[in-house]
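Student: Provided below are the primary sequence and the corresponding predicted coordinates.
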Amino acid sequence: MIMPGDDNIISTGGQIDAMCMALIDAAYDKNGQVRYIVSNSLFEVGKKQPKMVLSSAQYYLNKHSKLQQGHRVVILNTMERIVRESIAQIKAPLAVDLIKLASEEMTNSKEVVPEWQTAASNLLVALGCNYCNEVMAEMDKKFQPGTLPHFFVVQTMANLASANVFGMVPFLKAILGTMLPMLGMAKHDNMRWVLSTALGRFSEAVLDYVANIDKAPDPSVRKDSYSTEIFSAYDVLFNVWLRSSEPKLRLAIVDAVGQMTHLMTSERLEEQLAKLVPGILALYRRHTVQFHITEGLCNVLTASVAGQSTILEPHLEILLNALHPQVCIPPDYSNPMTVKNHNELLRCFAVLSESFCDKVITYLLQKLETANDKVRIGTLSILKHLINSQDSLMEGKKELIVTGMKIILPETSNKVKKMFSQVIIAMANHSYLELEGGELMVEFIVRQCSLPVESSTKRSNDPEFVSNEALKTMCDNILQLVTTTVEVMENVLWPYLLECLLPNQYTPAMSALCHSIAYLANKKHEAEDDSYQLDFEAMANLPKPTAIIARLMVMVGRPMNGKKRGMNVLKAMQALSRNLHDNLVELWDSVIPKLMTYLEENLEEEEKWSQKSWEDLLLKLISKTLDEVDDEDWIGELGEALADQISLYATHPDEKNFLYKSMGVVMRKSSKKDLVKKMLNVLFSTVKHSSQFERERSEERRVGKECRSRWSPYH
């Protein structure tokens, strides 16, 4: 075993030197777990003593020329990790020695030996992050005109162009000058693949350099400095090499061409689009994994619309017709590449909209007219992406989009409604719903919050199946989210949501509605916002205060019917009290919190819950409410509101029975015989004389009786 003190080893003079050499010697133990431990131990030592460990490893590899290849790979990989961690501590003389070692390791075999040569190449790239000139001086020896270089020499330069843009770009003019004549010499697919990859990386490096020119060492670098060489390379790649039957090579070419188009002059690019666009689109038929094609195409599109250029206009229709059907294919979320491809397709539409926003939006809104779930879902996903990503471009299109979306409002497919709901929340975030038609979008969400939950527990075999319950829960969350986090939505939702309290079809959404109403009312009241106080006479669409009270009192009568309905209705009642009647504020502020406490303590445990006790408490609240208002006309209005709402509960017998009891309290408080007679007539005429007759009759007998309770919030 080599011992510390040998030439070229930067020794610490301590015992750690011998330990380090022992670890290097044992780095290729037969046991994989031991190899892992040894490698990590070397790395940990190397972080503290990088010069000693790296020089020891270099010496060891030089002295053991016949060392097993696997052993060399482990050592080289560990050296790379140490260099990346401690590059700042490595001085130039040691760096040069390591570069020579890695270069020799990488090119020692003319054949491609991936694991060994990749390890050496990665070490060179790691060193090149600080010592780019030295690495390139070494590569230049092995990258000579007239001779095809080693595969990994090209690979190293390609990777270094990504790792150290500022260091590599100054070499690219010379590299391209040497590389271009080599393209005609490359006959094998693997060599063509690495040259294509390198050209893509070099183009990307130039773009990155120019994009950060304010930080670059040479501010005179321009994209057009490389356009002649890049176009010559493009000509070979696209017109000759792309015909290859090797899929990996074709994908590498498309990726490279996508980057290279950014360096072409606009005139050259425009000339090539007639071949370039159909040529790339044709590749979709030849590949099952399509992400790299879409990524390359997206780069071509990005280069083509730079500066809002319209050179793509002759090809726009073919592009839209080729890309749109692909977006309409649902991505397989268990396959990351299909998800990446879907996202890249969406990006293509965003890029096209930069120069052709009107035409793209018109195209998409026309597609919404197609009564096909997949087409509508795909189209909506594109519109959602554009709304979220192209805010400034879409500014003048908002009214058109809101109007165009109305065609989806009657949709019955839960899949389509799910995507449409996502579009609505995107529109909410970007101030679309403040425009005419915005309330219709809010109403759509409320309608989904009202969906009946299926009683069947059978699960559909369709992987994209969307149940009523899932859609309802999602829209409950959307309504809460836009209420509490999207400030511009406050004036859309308030007081509009009050209009949704009375319609029968929104009864299942009562909990979600009241949650949002309570939040908005409290926020506006606390901020002393003038819009909190409602003018019910001027706002003709709003239900009257007595109608709101009648509705909410009945809804809270069955607090468990609907997710947290009782609690949310009580919160809404308290938050609205100042709008409903001034005399209610003190009473409700005192009583409602106690009722909420009662719900919290009793509702969740079936054995503790007494529906009768709860109803007694609420009937007493109604009675006290009437006493506080102390206005015969107002009491009459409340009684008539209750009577008018009986039809809302035709399919809700529990709520209907509590409404009857509430009417009884009103009749007991009223001194108007005509009102009492009218209410009794309504009550008896709406009773269902069926199997529930006896039960309902017993409820009728309770009309006017005093309610009792073992617990009262009024004392």
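Tutor: That came through, no problem.

Student: okay, CA-based contacts and neighbour counts for the rest of this
Tutor: OK.

Student: ok, which stretches of the stretch 151-300 of the chain are strands?
Tutor: Assigned strands in the stretch 151-300 of the chain: none (criterion: DSSP state E, counting those that start in this stretch).

Student: Which positions within the longest helix belonging to the chain qualify as buried?
Tutor: Using DSSP state H, we find that the single longest helix of the chain is helix 336-368. Across helix 336-368, burial judged by 16 or more other CA atoms under 10 Å covers 337-357, 360-361, 363-365, 367-368.

Student: With stretch 621-631 instead?
Tutor: Quick answer for stretch 621-631 (16+ other CA under 10 Å): 621-626, 628.

Student: helices or strands up against the next helix or strand after the longest helix of the chain?
Tutor: As assigned by DSSP states H and E, the chain's next helix or strand after helix 336-368 is helix 373-389. Where contact means 3 or more CA pairs under 8 Å, 6 or more residues apart in numbering; DSSP states H and E, helix 373-389 is packed against helix 316-327, helix 336-368, helix 414-429.

Student: change it to 10 Å
Tutor: helix 316-327, helix 336-368, helix 391-394, helix 398-405, helix 414-429 (3 or more CA pairs under 10 Å, 6 or more residues apart in numbering; DSSP states H and E).

Student: Run the angle between it and helix 316-327 for me.
Tutor: Interaxial angle of helix 373-389 relative to helix 316-327 (axes from the mean of the first three to the mean of the last three CA atoms, to 10 degrees): 110 degrees.

Student: any idea of the mean pLDDT in helix 373-389?
Tutor: When pLDDT is averaged over helix 373-389, the result is 98.

Student: Also compute the angle for that helix relative to helix 414-429, please.
Tutor: Using the same axes, to 10 degrees: helix 373-389 against helix 414-429 is 10 degrees.

Student: for this protein, which spans come out with low pLDDT?
Tutor: Scanning the chain with the threshold set as pLDDT under 70 gives 1-7, 456-459, 689-715.

Student: what sits up against the one helix or strand residue 586 maps to?
Tutor: Assessed by DSSP H and E, residue 586 sits inside helix 584-602. Helix 584-602 is contacted by residues 559-560, 564, 566-571, 573-579, 603, 608-610, 614, 617-618, 621, 624-629, 711-715 when judged by CA atoms under 10 Å, 6 or more residues apart in numbering.

Student: Alpha carbons of that helix, as CSV, please.
Tutor: In CSV, the C-alpha atoms belonging to helix 584-602 read as follows (Å, rounded to 0.1, in the frame of the first residue of the first chain):
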residue,chain,number,x,y,z
LEU,A,584,-81.3,42.5,17.2
VAL,A,585,-77.6,43.4,17.6
GLU,A,586,-77.3,43.3,21.4
LEU,A,587,-79.6,40.2,21.8
TRP,A,588,-77.9,38.1,19.0
ASP,A,589,-74.4,39.2,20.1
SER,A,590,-75.2,37.8,23.5
VAL,A,591,-77.1,34.6,22.6
ILE,A,592,-75.5,33.4,19.4
PRO,A,593,-72.0,32.8,20.8
LYS,A,594,-73.7,30.7,23.6
LEU,A,595,-75.6,28.7,21.0
MET,A,596,-72.3,28.1,19.1
THR,A,597,-70.7,26.8,22.3
TYR,A,598,-73.7,24.5,22.8
LEU,A,599,-73.2,23.1,19.3
GLU,A,600,-69.5,22.6,19.9
GLU,A,601,-70.0,20.7,23.1
ASN,A,602,-72.9,18.5,22.0
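
Student: Tell me the buried residues in that helix?
Tutor: Going by neighbour count (16+ other CA under 10 Å), the buried part of helix 584-602 is 584-585, 587-588, 591-593, 595-596, 598-599.

Student: With distance to residue 511 as extra columns, can I get the residues you listed in JSON lines?
Tutor: Formatted as JSON lines, these follow (distance: CA to CA, whole Å):
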{"residue": "584", "distance to residue 511": "22"}
{"residue": "585", "distance to residue 511": "22"}
{"residue": "587", "distance to residue 511": "23"}
{"residue": "588", "distance to residue 511": "19"}
{"residue": "591", "distance to residue 511": "20"}
{"residue": "592", "distance to residue 511": "16"}
{"residue": "593", "distance to residue 511": "17"}
{"residue": "595", "distance to residue 511": "16"}
{"residue": "596", "distance to residue 511": "14"}
{"residue": "598", "distance to residue 511": "18"}
{"residue": "599", "distance to residue 511": "15"}
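
Student: Name the nearest of those relative to residue 661.
Tutor: The shortest approach to residue 661 among the buried residues of helix 584-602 belongs to residue 595, at 18.7 Å (CA to CA).

Student: So which residues of the stretch 401-550 of the chain form helices?
Tutor: With helices called from DSSP state H, counting those that start in this stretch, the stretch 401-550 of the chain shows them at 414-429, 438-449, 468-485, 490-493, 510-526, 545-557.

Student: how about those helices in JSON lines, adding distance to residue 20?
Tutor: Formatted as JSON lines, those follow (distance: least, CA to CA, whole Å):
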{"stretch": "helix 414-429", "distance to residue 20": "58"}
{"stretch": "helix 438-449", "distance to residue 20": "67"}
{"stretch": "helix 468-485", "distance to residue 20": "58"}
{"stretch": "helix 490-493", "distance to residue 20": "67"}
{"stretch": "helix 510-526", "distance to residue 20": "66"}
{"stretch": "helix 545-557", "distance to residue 20": "76"}
